[in-house]
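Participant: From the sequence below, what's the structure:
(one chain, ligands or ions: 2)
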Amino acid sequence: MTDGRGVFLSFEGIDGSGKSTQARHLAESLRALGRDVVLTREPGGSPGAEEIRRLVLEGDPDRWSAETEILLFTAARRDHLERTIQPALDAGRIVICDRFADSTRMYQGLSRGDLRALVDQLHRLMIGREPDLTVLIDMDPDVGLARAKGRQGTEERFEDFGPDLQRRMRAGFLALAGEFPARFRVIDGARPVAEVAAAVLQTVQAALAERADG
Ligand code: ADP
Ligand code: TYD
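Facilitator: Residues are numbered from 1 along each chain as shown. Ligands and ions are numbered 1, 2, ... in the order given. This next block holds a predicted model:
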């Protein structure tokens, strides 16, 4: 599971499932174990990609078509990969990314018609890389949406698509985990933060150990 000498981990799941919380906990735990960790997120994670983030996450739900969004999210990802992720992997660091291309496969690929093939095509052309390990935090959409809305912010474009979208995203993420079983691990997010964090750390450590053996 290497590219350069580093390890690339991603968190995926519906809005409010606890990805950011768990990504932070994992980064702290791995640092406490002496690992060199870069914690980053999408959309964003580099100065240019953070600018694109504002374009895609703020404003009316119908501000962009799904096709335009695929281009914007992929442009942001390309910049993030070039400037943040790949240099860190080349330096042998562990990169923890809060969302990556699987989010585009779901949100742009499934939300407004079936555009998954287009997402995958552009991904192959412009990104061409998957995480070594993807932790899917699985969560009931009603709980997730209530948690996400509790955060109070301006980045609500996708949350404003409503609960039906979140339900389809949950099912879609679980199907994606079935499609790529070698890299996905599904963790039940409907538990206290510390319990989920312990399960995540155990899963990641097992994968890191496998890599060290392999
Ligand atoms: P995401 O990044 O998946 O949208 P966050 O980590 O931002 O999710 O969590 C959304 C909200 O839910 C935050 O207010 C966070 O403090 C809270 N939260 C996260 N994990 C849990 C949990 N296991 N139990 C209860 N609340 C949680
Ligand atoms: P994020 O900041 O992770 O929000 P949350 O903490 O609520 O999960 O992501 C913001 C939104 O961006 C989220 O609703 C999903 C959406 N998104 C896409 O639609 N496509 C993508 O490729 C990515 C990375 C995110």
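Participant: Go ahead and name everything in contact with the lowest-mean-pLDDT helix or strand in the chain.
Facilitator: Scoring the helices and strands of the chain by mean pLDDT, DSSP states H and E places helix 141-149 at the bottom, with a mean of 84. Contact with helix 141-149 is made by 13-18, 159, 163, 166-167, 169-170, 189-190, as judged by C-beta atoms under 8 Å, 6 or more residues apart in numbering. Just so you know, the C-beta spots here come from the backbone N, C-alpha and C atoms, and that holds for glycine as well.
Participant: And the next helix or strand past the helix or strand containing C97?
Facilitator: Using DSSP states H and E, C97 maps to strand 94-98. For strand 94-98, the succeeding helix or strand toward the C-terminus, using DSSP H and E, is helix 101-110.
Participant: Can you name every helix or strand that that following helix contacts?
Facilitator: Using 3 or more C-beta pairs under 8 Å, 6 or more residues apart in numbering; DSSP states H and E as the contact test, the elements touching helix 101-110 are strand 7-12, helix 66-80, helix 116-126, helix 163-179.
Participant: Contact partners for R77?
Facilitator: Counting by C-beta under 8 Å, 6+ apart, R77 touches 42-43, 49, 100-101, 104, 126-127.
Participant: of these, closest to ligand 1?
Facilitator: E42 (11.4 Å; C-beta to the nearest ligand atom).
Participant: Regarding the protein, what is its longest helix?
Facilitator: If you go by DSSP state H, the chain has its longest helix at helix 193-213.
Participant: rewinding a little: compare the contacts of helix 141-149 and tell me which has the most neighbours.
Facilitator: Compared across the contacts of helix 141-149, I14 has the highest neighbour count, 32 neighbours, by other C-beta atoms under 10 Å.
Participant: Is it correct that it is in contact with R170?
Facilitator: Yes: because the distance of 5.4 Å satisfies C-beta atoms under 8 Å, I14 is recorded as touching R170.
Participant: Common neighbours of the two, please.
Facilitator: Residues touching both I14 and R170 (C-beta under 8 Å, 6+ apart): 139, 141.
Participant: Residues contacting the strand holding C97, please?
Facilitator: 6-11, 19-20, 23, 26-27, 30, 35-42, 45, 84-85, 88-89, 131.
Participant: Now do the contacts for A76.
Facilitator: Contacts of A76 by C-beta under 8 Å, 6+ apart are 42-44, 48-49, 52-53, 56.
Participant: cutoff 7 Å now
Facilitator: The contact partners of A76, by C-beta atoms under 7 Å, 6 or more residues apart in numbering, come to 42-44, 49, 52-53.
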